[in-house]
Each structure stands twice: as C-alpha cells, then as structure tokens.
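Trainee: I'll drop the sequence and a predicted model, then ask my questions.
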Amino acid sequence: MSSADGASYVQPELEHGCPGRDESGVALDNLEEAVALERAALEHCPPSHPCYGAALYNLACILFTRFENQAAMHDLDEAIKLHRAALQVVQPRPSGPADRSSSLHFLAFCLSSRYDSLGLVADLEEAVALGHAALELRPLGHPHHGVTLYNLACNLLSKFKEQATIHNLDEAIEMYRAVLQLCPSGHADRSSLLHSLAFCLSNRYKSLGVVADLEEAVGFGRMVLRLCPPVHPLHGETLYNLACDLFSRFEGQAAMHDLNEAIELYRATLQLCPSGYPDQSSSLHSLSFCLSNRYRCLGVVADLEEAVTLGRATLELRPAGHPHRGVTLHNLACDLFSRFEEQAAMHDLNEAIELHCAALQLCPFGHPIRSSSLHSLALCLSNRYDSLGVVADLEEGIAFGRAALELCSPGHLHRDVILYNLACYLFSRFKEQAAIHDLDEAIDLYRVALQLHPCGHPGRARILVGLATCLSERFNKQKTIADFEEVMKLRQLLLDLHPLGHRDRRKYLYDLAVPLWASFLRHFALLSSAEVQSLCHIISRIHSVNHRVLASSFHTLSIRLRNPIRQQGATTDLVEAFRLATSVLQLRLPGRFTIAPSFTGFTTPLFSQRALTITLVGRLDEVAILGRVVDYLHLLANFLRDRFLNRRTTTDLDKAIALHQRVIELRPVGHHARASSLHDLALCLGDRFRAKAATADLEKAIELEQGAMELLIPGDPGYDASLDCLTTYLRTKISLRRGMITSDSSGNQVDVRQVILNVAREILERAPTRLIYVRTGALCDRNAQLSHFVDSEQHNRLLSSLTTRDSETDIECIRTIISLYFQFVALSHCWGDGEPSLRDIEGASIYDVTQSRVLESLKISVLLLSGGGTYGLGAIRVV
C-alpha cells in the first residue's frame, strides 16, 4: 500500500512580509491611487535624478502589494522589471528604503512569488542567488537579518522539493535554526519558525532516514501545538503534520502508541475541516491509511471497515483530474482486498480489481506508484484465480507481475515481495498446466528473492518454504539428486530459524523428516541380507533421541547418505537416519501419524518388499513414505519378539508390545494390515502371559484374536493362524478354571460334546431354518447345519481342547467359537414368474441348476460371497 499522498505534510505559508510594510513603512489604503502617485513620481525623476532609484523601488513595491491583493500577473512582472532597473542605479548603503540589500531582497521575493504562481525553476534559482547576495549585505546584527534568513530558507526548501538536492535542505534547516535563535520564547513568530523547522526535519528524515531528525520534528511539532491553541491559524496544520510524523515513527519503530496518537490527531484535524474544506480529503485519506495499518497490526475488523468508509469519502472529494485520485483509488482497492481476505466476499475482490485497474490508468510509465499498482492488481487477480479457478485471471496476474518486476530494478524497496509473488503465480500455473519452464522460472525467482532476505530477515522463512516446495516438485518430476539435496538443506535452514519452543518448529521438523525418510528407504532397499541382520543388532542398542542435537544432525545425515551403501559406517548412518526420522512422528502433528516418545529409538529391518519400497518413494510423497514408517515399526516389533524368544529378555517383549500397540493406533479400522497387527500383538501378549502368568494379558490376547477373526474369512492369509491362536488361548483360559467341572474320565468326552451341541443348538435357534452353504451351494436345513458343524475342523479343535465340565465362563468361550462358525448374510432376491422355489432345488447345489436363467443373479451373488463374505459355515439366507 502506498503512502497517504504525494505531499503528506502541509507546508507553512511563507510569511516573507510585504516590502512596503516591513521596511519602507508605507501603508496605503487606496492601491490604485498609490500606484498612480508612484508612477507620477517616477515620471518626474529622469534616470539622472538622484531619486530615480528610489522611485523605481517604491513603484515596484506598490505594484507587488496590488498583485498580492488582486493576483494580476502583469503587476508582478512589472514589479520584477522595476526592481531589476533599481538595482542598476541603487548603490549599497547602510540603511534606507532603497539600499541595495533591500532591492536584492525584494527582487528575490518577487521572483519567488512568480515561481509559486507559474512554477518557473529559473525564477527560483535567481531568487536563491539574490537571497544569498542580500544576506551578505545583511550580516548578524542587521535589523532585517532575520527576515532575509527566513525567506532564503523558504526558497532553499522549495528548491529541495523541486530538485531533491539534500544540501539545499540542509542549508534551509541551518538557516531556520539561526532565525529561531533570533526569536526567543514569547516571540510572536516563534511558533511559525518551529513549524517550518519541523517540516524540514521531517523531509530530511524521509530522504535520509536519520531517526534523530524525526524525533526532533516530533518534539518541535509538540512545541508548536502548545503555542497554537485551537483558534490559532497554525493549529490544524500542526495537528496534521505531527500526525504524519508520528505515523512515520510508527513505521520505523512499530510502536502502537504512536499509531494510536496519530489516529487521534487526524480525527482532531477533521473536526477543524468542515465539509468542503480544501484539506479535508488529505485528512480523510491519512486517517483511512492509519486505520488500515492498525488493522494489519491488531486485526480489529472495525478499523478496516472505517478505513473503507473513509476511503470512499476521500474518493468523492477527489474526482477525475485530482492530483491524488490515483493513490486514493489504489489504497481503497488495497483495503477492499484486505476485507476480502477477512470475509471472503467476492464483490470486495471484484471491486478491488476494478479500482486497481482505474488507478493504473492514472499511473503512466514513470509514475512513482505504478509498480505498486501493477503488483497489487496481480495479487488480486491471483486470488480470484484461487477462488474461482479462471485461468485467464492467473495469466493476467503473471503478466502484471512481470510488468511490476521490470519497474523494480535491483535495489528497489519492494523488489523482494514482487519476486516472491511472481514465483508463487508461476508455481500455480505449473500446477495447472505442468509446464516445467514455469517451475524452473519460479525456482530462479525464489533464489533471487532469497538473496534479498539474509539471515535475520523476517520474510526469509516463507521464501525458503516456497523454494523447497518447488524443488520438491521438480525432484518428483526429474529425480535430480541435486534438487533433493537442496530441499534437505533448505528445510534444515527452516528448522534453524525455528528454535525449540517455537510454535512452528514441529511443522518444519516434520517437513524435513519426509525427504530424510525417502533417502533412507531408497538406500536401505539396497542392503544385503547380512547387512540387514547387522543393522537389526545396531538398532537394538538405540534407546533414546536427544532433541538438542536433532536439528544439527539432519543436514549431515542427508549428505552422508549419498555415500555408497556398502562403505564402512554406511549402515550406522542409515540407523541414525531412521532413528531421527522416526522421532519426528512423536510430535503429534494434527492429521499426522503419532509415535510415542519411548519408541523413537528403534528402526526396522526391511526383510522384504524392497521393490515396493522403491516404488513408494519415487516421489517425496508423505502419505506413502510415512505409511511405510508404520510398516517398519510393525516389522521391528516382530524382530524384538523373535529376539525375546531366543534370549528371553522381557524388556524386548515389552518394547515389542508397546510398538504393536502404537502400530494398531496408526492402522484404523479398514486398514488392510489391521488384522495382522491385532494377531501379532496377541502373540506378544500370549508370550508375556506364559512368562509372567498375568491373566489380563491372556484376556487381551483373546480379545485381539477375536477382532482379527472378524476381519478375516476362511482362506485369507493369517486366518488359520488366528483361529489356532484363539483356540489355544481359550483352551488355556478354560484350563485355568480346572475343577469347575467334574474330572470323571469316563464321562468327560460325553459331557463336553453335549455342552458343545447344546450351545450350537441355542445359537442356531436364532438363525434362519434354511441357509445356502456357499462352499457347496447346497440348501441346508437345521439338521444339515448342525451336521456341517459337527464334521468341521473347528468342532474337532474345540472338542479336543476341553477336558473339564464347563462353568458359566467356559460356556461363553464355547459360544464365541461356535458363533464364529455360524455366520450368515441376508440376501434380498426378487422371485420371477415361473422361477423355481428353493424347495425345487432342495438336495442339489444351486451351482448345478441349469434349467432356469432366472436364478443366475442369485448364483452370481452366492459365488461372490463365497470368495469374500463370511466365516465358518459361510451361509446365505435368501429373503
């Protein structure tokens, strides 16, 4: 957003004084009569007359007085000619109305006035030269030394504003200071001098940025305000200029009290500017600009709303042709864009684009805010593309962004922002069109922008993020290792910018871990079986993660991983890479995987599936990579269990259980490997039960195996293993209850068999009377269903595992096993005319029925379910 106006301050009126009043003592009420008398006097004084020079001087003075009253330029032109003629005949004298110093001084004054009216720089140049000459004739102590100093200082200030030559401003400041020494406290002109001096110091601060000048300007402004009550003619100007200085100090020091005071002063200024007052638009515009800045600092929407309202009021006071209409359009458009970002109202964004386009029409080539207008318009168009997806907006935004960049040569204040945004636009087009040249150009622009943001710059982080994102995309496309390494370096720099305790550190640590994982997986896939085994032993000795050295280790690891995998120490590097990368997952990022802190010391031996690993990490795809992380944690838990079985070290088993529990959390219901995770955890708990005899472990193992069985069907990998384990755990549980049933060996098997059949009949009472057995396609009544179960492997296993009479708990265990066998699916089938009923196919398999095509849909459904539907009996009820 641009500054408030082209001229932010109100320059004090140049109170040079009327020549006839200040020095000649002449004060005539009737100007026309005075002019006539002075002309008559001149006619009676030929060039040889001793009063000829005085007559020329007096007529010139009275003509200038009439010019001040009537603004007739011919009077001013004639006065200048007469003063020039007087200088030709007037000799330097120490005093008198027509001495040379007076002629020099008043000719300079007239030329300065003509410059103010016509803008002729030659008049200003001559006025400055004549002022210097007059000052030489009026040294310190001369009665008119002060007014000569003051007028020359005013002309030097005008010359600075015309030519931006700082030495003129420096000299003007020194002269104002000298005049101030001649006006002690209580002097009538002291407030005017302080006002002028504050104005010059403010301008020098804007040119050189010396904070001492701004501080002094604020101090002088406060002094003027104390000397000028509300009725004083300088009060309004002083309020306005002091507000401008306070806002400048806010921009430099970000002190909110300065901004708040500036806002209050602008409001007070507006109270002194009634509707239609010439300076009202400047006060409205400046107040709107301050409120916009306070909104950006504090986020108070009421400030933004007021800024928009004041901006519209300013625009009404600055119609077409007003010198500051362009900057008003621009700033109002920026406020509307801010409101769009706040409220997402498309009409605000559309209006902002229209206003920016109108402002651009008023900012031709060479205009100071043209680059800002181009850049802001490009930003709005890019946002509209993001909202609506209209590619034309993106294309136009890129074109305007390029045009803005061309106007911002190296060294321009906002070149870095324009580079960054143009890079963002090009990356968006790459995502839209997949043109690699857009991605390459975006990377180049980010690199240039990064050079403009050295360490410590507040905007460095976002450029590092943008560059890393683009390089990751290019790596995904071209697989260039240099891009991968640079991504690692950039993300390490981002991590360094966010120390421990920073709210964004977790995000950057996570982003750094993703490519580190990718590098690890690619290299690990090349390990031999012996190296895998060696790695497993090294892994087992890793216990914790030192977060204080985590950051400095990442970049070193990324470089070391480039070395050939079979070099000495390469395996250790991979272990360390895995350990550090896994530690990132304990940070509990929203929507990310979660790993407990106590398990971050482990890695996994990749015993198999290396081809799949290479495929998954062909891209820096966090879903694929981190999905593999969980797989590796599962494998590691199995490795720890195997080592427990060999060494009987219970700490290995405890770690394996903890890892399996975490893996199950990371494999929710619906995950393809959840059943395997449930089974493996059940195995570990069964091992611990046998080692420590904790019944809670056995109960949990049974629960887990039951959960696994619900996810599997006969024929699935792992189905038989889970069923065997469940049977074993249930048998173990029953054996713990020994003594609850009689131990009569002769009646044992009969009693147990009868208990099983009773439970089976109880369960079948709640099932349909006839079911289609999907394995054979046969229609089964109640007796057939029970017969299938008695002949099943599940019945035999259950029978062999029971050696005692049941208790209530034992019956529940039996019921669980039988319920798993007797499961069915209800299938809706619409019977057609002439279609055979189920009785017609009783005793045969539905798969063998060929006389009717109307059963084909039912046969297909049964076949599909037989391949992936139910457990145990695997039956279908047709309704």
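Mentor: Here it is on my side, so go on.
Trainee: name the residues that touch stretch 190-202?
Mentor: Residues outside stretch 190-202 that contact it (CB atoms under 8 Å, 6 or more residues apart in numbering) are 9, 11-12, 15, 150, 153-154, 157, 169, 172-173, 176-177, 179-180, 183-184, 213-214, 216-218, 220-221, 223-224, 227-228, 232, 234, 237-238, 241-242, 244-245, 248. Any C-beta I mention is one placed from the backbone N, CA and C, and that applies to glycine too.
Trainee: nearest residue to L304 other than its sequence neighbours?
Mentor: Leaving aside its chain neighbours, L304 sits nearest to Y295 (4.2 Å; criterion: CB to CB, 6 or more residues apart in numbering).
Trainee: nope, G459 is what I meant
Mentor: Closest residue to G459 in three dimensions, ignoring its sequence neighbours and counting by CB to CB, 6+ apart: H453, at 5.4 Å.
Trainee: does the one you found count as helix, strand or coil?
Mentor: coil (DSSP: H, G, I helix; E, B strand; the rest coil).
Trainee: in PDB, list the C-alpha atoms belonging to the helix or strand containing L87.
Mentor: Taking DSSP states H and E as the criterion, L87 maps to helix 73-89. C-alpha atoms of helix 73-89 as PDB (Å, rounded to 0.1, in the frame of the first residue of the first chain):
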ATOM      1  CA  MET A  73       0.400  38.700 -13.000                       C
ATOM      2  CA  HIS A  74       1.200  41.800 -15.000                       C
ATOM      3  CA  ASP A  75       1.700  43.700 -11.700                       C
ATOM      4  CA  LEU A  76       4.100  41.100 -10.600                       C
ATOM      5  CA  ASP A  77       6.000  41.100 -13.900                       C
ATOM      6  CA  GLU A  78       6.300  44.900 -13.900                       C
ATOM      7  CA  ALA A  79       7.400  44.900 -10.200                       C
ATOM      8  CA  ILE A  80      10.200  42.500 -11.200                       C
ATOM      9  CA  LYS A  81      11.300  44.700 -14.100                       C
ATOM     10  CA  LEU A  82      11.300  47.800 -11.900                       C
ATOM     11  CA  HIS A  83      13.400  46.000  -9.100                       C
ATOM     12  CA  ARG A  84      15.900  44.900 -11.800                       C
ATOM     13  CA  ALA A  85      16.100  48.500 -13.000                       C
ATOM     14  CA  ALA A  86      16.500  49.800  -9.500                       C
ATOM     15  CA  LEU A  87      19.400  47.500  -8.900                       C
ATOM     16  CA  GLN A  88      21.200  49.100 -11.800                       C
ATOM     17  CA  VAL A  89      21.200  52.600 -10.200                       C
END
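Trainee: quick one: list the elements packing against the very next helix or strand once past that helix.
Mentor: Once helix 73-89 ends, the next helix or strand along the chain (criterion: DSSP H and E) is helix 100-118. Secondary-structure packing of helix 100-118 (3 or more CB pairs under 8 Å, 6 or more residues apart in numbering; DSSP states H and E): helix 19, helix 52-70, helix 73-89, helix 121-136, helix 145-163.
Trainee: who are the contact partners of the residue nearest to L304?
Mentor: Applying CB under 8 Å, 6+ apart to Y295 gives the contacts V301, D303, L304, A307, S338.
Trainee: if we can go back for a sec, now the contacts of stretch 190-202: which count as buried?
Mentor: By neighbour count, with 16 or more other CB atoms under 10 Å, the contacts of stretch 190-202 hold 9, 11-12, 150, 153-154, 157, 169, 172-173, 176, 179-180, 183, 213-214, 216-218, 220-221, 223-224, 227-228, 234, 237-238, 241-242, 244-245, 248 as buried.
Trainee: and those, which of them are in helices?
Mentor: Members of these lying in helices (criterion: DSSP state H): 150, 153-154, 157, 169, 172-173, 176, 179-180, 213-214, 216-218, 220-221, 223-224, 227, 237-238, 241-242, 244-245, 248.
Trainee: part of a strand, is the residue nearest to L304?
Mentor: No: read with three-state DSSP, Y295 is helix and lies in no strand.
Trainee: got a pLDDT number for it?
Mentor: As predicted, Y295 sits at a pLDDT of 96.
Trainee: quick one: L786 from L730, how far?
Mentor: Applying CB to CB, to the nearest Å, the value for L786 to L730 is 21 Å.
Trainee: out of those two, which sits in the busier spot?
Mentor: More crowded of L786 and L730, by other CB atoms under 10 Å: L730, with 24 against 16.
Trainee: so what's that one up against?
Mentor: Taking CB under 8 Å, 6+ apart, one finds I702, S801, C813, T816, I817 in contact with L730.
Trainee: quick one: which helix or strand includes it?
Mentor: Taking DSSP H and E as the definition, L730 sits inside helix 719-736.
Trainee: pLDDT of that helix, averaged?
Mentor: Rounded to a whole number, the mean pLDDT of helix 719-736 is 84.
Trainee: any buried residues in that helix, and which?
Mentor: Judged by neighbour count using 16+ other CB under 10 Å, the buried positions of helix 719-736 are 719, 722-723, 725-734.
Trainee: which of those residues lies closest to A673?
Mentor: Within these, the smallest distance to A673 is 13.5 Å, found for S722 (CB to CB).
Trainee: could you tell me how many residues sit around the residue nearest to that closest one when sequence neighbours are not counted?
Mentor: Nearest residue to S722, sequence neighbours excluded (CB to CB, 6+ apart): A708, at 4.5 Å. By the criterion of other CB under 10 Å, A708 has 26 neighbours.
Trainee: tell me how far A708 lies from L726.
Mentor: 8 Å.
Trainee: quick one, phi/psi of the nearest residue to R325 once chain neighbours are set aside?
Mentor: Closest residue in space to R325, ignoring its immediate chain neighbours: R318 at 4.5 Å, by CB to CB, 6+ apart. Main-chain dihedrals, R318, degrees, to the nearest 10: phi -130, psi 80.
Trainee: and R318, what does it touch?
Mentor: S281, H324, R325, T328.
Trainee: any idea whether I772 is helix, strand or coil?
Mentor: strand.
Trainee: what's the closest of the contacts of L730 to A344?
Mentor: Closest approach to A344 among those (CB to CB): I702, at 53.9 Å.
Trainee: now the closest one. Nearest residue, chain neighbours left out?
Mentor: Nearest non-adjacent residue to I702 (CB to CB, 6+ apart): Y729, at 4.8 Å.
Trainee: quick check: R731 vs R797, distance?
Mentor: Distance, R731 to R797, using CB to CB: 9 Å.
Trainee: check which helix or strand covers the residue nearest to S722.
Mentor: helix 695-711.
Trainee: pull the CA atoms of that helix into PDB?
Mentor: Written as PDB, here are the backbone C-alpha positions of helix 695-711 (Å, rounded to 0.1, in the frame of the first residue of the first chain):
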ATOM      1  CA  THR A 695      -4.400 -63.200  33.200                       C
ATOM      2  CA  ALA A 696      -5.000 -59.700  31.800                       C
ATOM      3  CA  ASP A 697      -2.600 -60.400  29.000                       C
ATOM      4  CA  LEU A 698      -4.500 -63.600  28.200                       C
ATOM      5  CA  GLU A 699      -7.800 -61.900  28.200                       C
ATOM      6  CA  LYS A 700      -6.500 -59.100  25.900                       C
ATOM      7  CA  ALA A 701      -4.900 -61.700  23.600                       C
ATOM      8  CA  ILE A 702      -8.300 -63.400  23.200                       C
ATOM      9  CA  GLU A 703     -10.000 -60.100  22.500                       C
ATOM     10  CA  LEU A 704      -7.400 -59.200  19.900                       C
ATOM     11  CA  GLU A 705      -7.700 -62.600  18.100                       C
ATOM     12  CA  GLN A 706     -11.500 -62.300  18.100                       C
ATOM     13  CA  GLY A 707     -11.000 -58.900  16.500                       C
ATOM     14  CA  ALA A 708      -8.700 -60.300  13.900                       C
ATOM     15  CA  MET A 709     -11.100 -63.100  13.100                       C
ATOM     16  CA  GLU A 710     -13.900 -60.600  12.400                       C
ATOM     17  CA  LEU A 711     -11.700 -59.100   9.700                       C
END
